[in-house]
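Enquirer: I'd like to go over a predicted model; first the sequence, then the structure.
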Amino acid sequence: MLVVGSLNMDQVVRVPHLPALGETLLGAGSLKLVPGGKGANQAVAIARLGAEVTIAGRVGTDPFGDRLLKALQAAQIDTGQIVLDEQEASGVAFIFLAPDGNNSIVVAAGANMRLGQDQAQLERIFAEIRTAKALVLQLEIPLETVKLLTSVAHEAHIPVILNLAPAQPLPQATLQQVSVLVLNETEASLLSGQRVDSTEDARIVATVLHEHGIASVVITLGARGAILVTTDESGKPHSIYQEAPKVKVVDTTAAGDCFVGALAVALTEGQTPEEALRFAVYASALKVTRFGAQSGLPTREEVIAAYYS
């Protein structure tokens, strides 16, 4: 698979609660540096869950960039499509982590926002897309690049799995070229204009988005699991709900990325939508029991041992 997306160095500090406007907090312990970025996280998730993956992106020539590359290579990911950017620093994310595992995140995109401005890199990505089993995208890179790559993959009949995060509007024409759209409740609310506060809300919104031409729509619901709407054998919308197992939450960072990676692996293996949704929910449930973005992502063997044995 090919992942095109962001690489960030996560700078994590534990706090007693998420800060309010104007509030100064004393963090607990030392600042932690953890390789992250939605694109890199999803690539690592895919690799640990048993699939071959290449990532395309950009990092700066700074020490963070070197560390981000080494983390991906240690996960057996092909980094040949990553470019060292001479103009911008590597992306960073500032993460406040509360005792209940929830977080607030601010991203300084840096070199990630120059992905798509280098024509030579773009041509190499185009060639990589045409031989990939699937293209996985998120929105921590320029929207114009996302639209362009989605179009190239669609024309080449390569499935596109798009994670609409962080939430931003995309043209309907682009969304209709996506094979699998993955959103959380906030992102689904932004895209549809309808509040998603319950499982039934998610089912209704996912069905409406599917009927507007998106082949499969998945809305993640945190501790409640996820909803997937696709087309059944008779051509009608088919809704699938997967409940999440109850776990002790340590860190929700990259849980969504783990879900996307697991779903991509399962679907490209030919698992049914029901099986793929279950695998993705279980993998992300295991992720939230561990600290760190990439450092907390589970292997396939760990997911199977925890939930399939």
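Expert: Ah, there it is.
Enquirer: where along the stretch 151-300 of the chain do the strands fall?
Expert: For the stretch 151-300 of the chain, the strands defined by DSSP state E, counting those that start in this stretch cover 160-163, 180-184, 216-220, 226-231, 237-242.
Enquirer: in the second one, what counts as buried?
Expert: Buried residues in strand 180-184, counting neighbours by 16 or more other C-beta atoms under 10 Å, are found at Val180, Leu181, Val182, Leu183, Asn184. Glycine gets a C-beta too; all of them are placed from N, C-alpha and C.
Enquirer: Now do the same contact list for the last one.
Expert: By C-beta atoms under 8 Å, 6 or more residues apart in numbering, the contact set of Asn184 is Ala165, Ile219, Thr220, Leu221, Gly222, Gly256.
Enquirer: which residues does it bridge with?
Expert: Beta-bridge pairing of Asn184, defined through DSSP bridges, involves Thr220.
Enquirer: Can you give me the neighbour number for Glu144?
Expert: When neighbours are counted by other C-beta atoms under 10 Å, Glu144 registers 10.
Enquirer: which non-adjacent residue is nearest it?
Expert: Using C-beta to C-beta, 6 or more residues apart in numbering and skipping residues adjacent in sequence, the residue nearest Glu144 is Gly116, 6.2 Å away.
Enquirer: again with Lys248
Expert: Sequence neighbours aside, Thr289 is the residue nearest to Lys248 in space, at 6.0 Å (criterion: C-beta to C-beta, 6+ apart).
Enquirer: Let's have the strands of the stretch 151-300 of the chain in a markdown table, adding mean pLDDT and distance to Leu263.
Expert: Listed next are the strands of the stretch 151-300 of the chain as a markdown table, based on pLDDT from 0 to 100; distance: least, C-beta to C-beta, whole Å:
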| stretch | mean pLDDT | distance to Leu263 |
| --- | --- | --- |
| strand 160-163 | 98 | 7 |
| strand 180-184 | 97 | 7 |
| strand 216-220 | 98 | 7 |
| strand 226-231 | 97 | 9 |
| strand 237-242 | 96 | 11 |
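Enquirer: closest one to Gly29 among those strands?
Expert: Gly29 lies closest, by C-beta to C-beta, to one member of the strands of the stretch 151-300 of the chain: strand 180-184, at 28.4 Å.
Enquirer: Distance check, the residue nearest to Lys248 against Ile227.
Expert: Distance of Thr289 to Ile227, given as C-beta to C-beta, to the nearest Å: 23 Å.
Enquirer: same deal with Leu277?
Expert: Distance of Leu277 to Ile227, computed by C-beta to C-beta: 8 Å.
Enquirer: and what of Glu301?
Expert: According to C-beta to C-beta, Glu301 stands 28 Å off from Ile227.
Enquirer: Have a look at these two and say which one is more surrounded.
Expert: Ranked by neighbour count (other C-beta under 10 Å), Glu301 and Ile227 place Ile227 first, with 26 against 11.
Enquirer: Run through the bridge partners of the more buried one.
Expert: In this structure, Ile227 bridges to Ile219, Tyr241 when assessed by DSSP bridges.
Enquirer: mind starting the numbering at 2 from now?
Expert: Yes, from this point I'll number from 2; that puts the last item at Ile228.
Enquirer: ok, it touching Glu201?
Expert: No - proximity of Ile228 to Glu201 does not meet the contact threshold set by C-beta atoms under 8 Å, at 9.3 Å.
Enquirer: secondary structure element for Ser7?
Expert: Under DSSP states H and E, no helix or strand contains Ser7.
Enquirer: Tell me which residues touch it, please.
Expert: Per C-beta under 8 Å, 6+ apart, neighbours of Ser7: Gly38, Lys39, Gly40, Ala41, Gly58, Gly92, Val108, Ala110, Asn113, Gln139, Glu141, Ile142.
Enquirer: If we use 10 Å, what do you get?
Expert: 37-43, 56, 58-60, 92, 94, 108, 110-114, 116, 139-142 (C-beta atoms under 10 Å, 6 or more residues apart in numbering).
Enquirer: Relative to Asp11, how far out is the residue nearest to the spatial centre of the chain?
Expert: With distances taken as C-alpha atoms, centre = their mean, the residue of the chain nearest its centroid is Asp258 (3.4 Å). From Asp258 across to Asp11, the span is 12 Å (C-beta to C-beta).
Enquirer: Check Gln118 too.
Expert: 25 Å.
Enquirer: So the two - more neighbours on which side?
Expert: Per other C-beta under 10 Å, whichever of Gln118 and Asp11 has more neighbours is Asp11, with 26 against 14.
Enquirer: neighbours around the residue nearest to that one when sequence neighbours are not counted, how many?
Expert: Leaving aside its sequence neighbours, Asp11 sits nearest to Gly37 (C-beta to C-beta, 6+ apart; 3.8 Å). Here the number of neighbours of Gly37 (other C-beta under 10 Å) works out to 31.
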